[in-house]
Every structure is written in structure tokens, then in C-alpha cells.
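J.: Prediction below, plus the sequence it came from.
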Amino acid sequence: MCLAVPSKIIDINDTVATVDVDGVTRKTSILLLEDVKIGDYVIVHAGFAISKLDEKMALQTLEDLRNILSADSSQA
């Protein structure tokens, strides 16, 4: 199973971006996308940024995921 978690680009070095999700950073290839810049949100799969999201949608998705995780842990 693959979860599409929005990741924020915080640095770009040639064709490799550093992305952040709640303080966890990873390197990802941006070869498959055109016109990405620092501050953009992307969906990463298998080490590649495969799509770009608008900030409003990305932030809503992250909030929804946090709420799901919070609800799940309160039922344990």
C-alpha cells in the first residue's frame, strides 16, 4: 500500500529536492516534474516527486491525516 502524503520542498540541488513532512526530511528526485520550486508541495512515490499540489489541498490533507492518526491512537 502506498500513502500519498504531501511533502514540502525545502531545498533544491539540481534535480534532487529535499522534502519535509512534519520535520522528517528526505531526498527525492524532481526529474519527472517541471517548474517546481522551494515551498511547493509534492507527492513522492519510490523516491520521485510525481505530482504537485496546491498549498491549500496539501495542508488540508496533512490535517486530515493527523486527525485520523489521533483518533486511532485514542481508541487503543
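T.: Thanks, I have it. In this text the structure is predicted, and so the values were computed from the model without any measurement. Numbers count the residues shown, from 1 in each chain.
J.: Buried ones in the lowest-mean-pLDDT helix or strand in the chain, by neighbour count?
T.: In the chain, no helix or strand scores lower on mean pLDDT, DSSP states H and E than helix 55-74, which sits at a mean of 88. Neighbour-count burial for helix 55-74 flags 58, 61-62, 65 (criterion: 16 or more other C-beta atoms under 10 Å). All C-beta spots, glycine's among them, are computed from the backbone N, C-alpha and C.
J.: And it, what does it pack against?
T.: strand 6-13, strand 41-45 (3 or more C-beta pairs under 8 Å, 6 or more residues apart in numbering; DSSP states H and E).
J.: How far does the first one sit from its chain's centre?
T.: When C-alpha coordinates are averaged (C-alpha atoms, centre = their mean, to the nearest Å), strand 6-13 and its chain have centres 8 Å apart.
J.: Looking at that strand now, give me its mean pLDDT.
T.: If you average the pLDDT over strand 6-13, you get 97.
J.: quick one: contacts for the spatially closest residue to residue 32 that is not a sequence neighbour?
T.: Counting by C-beta to C-beta, 6 or more residues apart in numbering, residue 32 lies nearest to residue 48, which is 5.4 Å off, once chain neighbours are set aside. Residue 48 makes contact with 28-32 under the criterion C-beta atoms under 8 Å, 6 or more residues apart in numbering.
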